[in-house]
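1. Generate coordinates for the sequence data below:
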Amino acid sequence: MTQWRFGGLPGNDGGVARMHGWPVTLTEPGLLDAPVGLRPVKAKDAAVWRDTRVRNSAWLRPWEPTNPETPLHRSSLGPYVAMARTMRREARQGLTLPWVVTYDGRFAGQLTVGSIVWGSARSAQVGYWIDQAYAGRGVTPTALAMAVDHCFFVVGLHRLEATIRPENQASRRVVEKLGFRDEGIRHRSLHIDGSWRDHLCYALTVEDVQTGLLPRWRSIVRASRSRTG
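-> Presented below is the predicted three-dimensional model:
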């Protein structure tokens, strides 16, 4: 069973709905060979964050937005500390949910629900990256399933999108395994690795996963094990 630990409560101002369910740490303790977790990004993550991205630069570069604030080359800790603080500030404002992905308690990557729009839309964009050392173990889809359920059933969002380069088969498999709809191409939508690149838009709404995405993912994993076991 997934463990949920909440910190913070809704306030009494206009940001009530936006603050609900954050900060929060989520854990799936028993589905994979080791626990998968999501916890809020902290400024003290800067060193391991930088070192992980530098070590994975070749793995990440073809898929990462061209953004000098999140360099894939070795640099000082300053950009990472600044980015973590910005993310935490935006989280307090109800604009983003920035998580570190952990596997067996170790830093394994990042998952961010951002560009949150409230009002009649209640939508957001989800992005993620994983340390190549942990790729292929089911860590990313497990983390994403936890995040989706939290966003829909606790935070109160209605729609989540993930935009992925058509060539990024590994990332596409993550969302396709979880049942995200392919809603078509967005031409030259993001600047990636030096050029404007097309992206596929994948999406889910809460109606698609009324009984929860994580239970569905657990069933998929267990069925796969029974076939191969």
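2. What segments of this structure are strands?
-> 3-6, 24-28, 36-40, 97-103, 106-117, 123-130, 159-164, 181-192, 195-205 (DSSP state E).
3. any idea of the mean pLDDT for the last one?
-> Looking back up the chat, that one is strand 195-205. In this model, strand 195-205 has a mean pLDDT of 94.
4. Same check on the first one?
-> pLDDT averaged over strand 3-6 equals 37, rounded to a whole number.
5. now the fourth one
-> If you average the pLDDT over strand 97-103, you get 98.
6. packing partners for it?
-> Contacts defined by 3 or more C-beta pairs under 8 Å, 6 or more residues apart in numbering; DSSP states H and E place strand 97-103 against strand 36-40, helix 78-92, strand 106-117, strand 123-130, helix 139-150. Glycine gets a C-beta too; all of them are placed from N, C-alpha and C.
7. And the contacts of that strand?
-> 22, 26, 32, 34-42, 45, 49, 84, 87-88, 90-91, 107-114, 116, 124, 128, 130, 134, 137, 139-140, 143, 147, 150-151, 155 (C-beta atoms under 8 Å, 6 or more residues apart in numbering).
8. Got a ChimeraX select line for the buried ones in those?
-> Selection of buried members from those for ChimeraX, criterion 16 or more other C-beta atoms under 10 Å:
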select :22,26,34,35,36,37,38,39,40,41,42,45,49,84,87,88,90,91,107,108,109,110,111,112,113,116,124,128,130,134,137,139,140,143,147,150,151,155
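9. Put the alpha carbons of stretch 192-202 into CSV.
-> Taking Å, rounded to 0.1, in the frame of the first residue of the first chain, the C-alpha atoms of stretch 192-202 are listed here in CSV:
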residue,chain,number,x,y,z
ILE,A,192,15.9,21.0,-27.4
ASP,A,193,19.6,20.3,-27.9
GLY,A,194,20.1,23.3,-30.1
SER,A,195,16.9,23.3,-32.3
TRP,A,196,13.2,23.7,-32.2
ARG,A,197,11.8,20.2,-31.9
ASP,A,198,8.4,18.6,-32.5
HIS,A,199,6.8,16.9,-29.5
LEU,A,200,4.0,14.4,-29.0
CYS,A,201,1.4,15.5,-26.5
TYR,A,202,0.2,12.7,-24.1
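10. May I see the buried residues of it?
-> 192, 197, 199, 200, 201, 202.
11. And the pLDDT for residue 69?
-> pLDDT, read off for residue 69, is 55.
12. average pLDDT for stretch 120-129?
-> 96.
13. no no, stretch 134-153
-> Rounded mean pLDDT across stretch 134-153 is 97.
14. ok, the residue lying closest to residue 55 once chain neighbours are set aside - contacts?
-> Nearest non-adjacent residue to residue 55, counting by C-beta to C-beta, 6 or more residues apart in numbering: residue 131, 7.7 Å away. Residue 131 sits next to 52, 55, 56, 107, 108, 109 when contact means C-beta under 8 Å, 6+ apart.
15. related to what we said a few turns ago, what's the closest of the strands of the chain to residue 226?
-> Ranking those by proximity to residue 226 (C-beta to C-beta) places strand 24-28 first, at 19.0 Å.
16. Buried residues, that closest one. List them.
-> 24, 25, 26, 27, 28.
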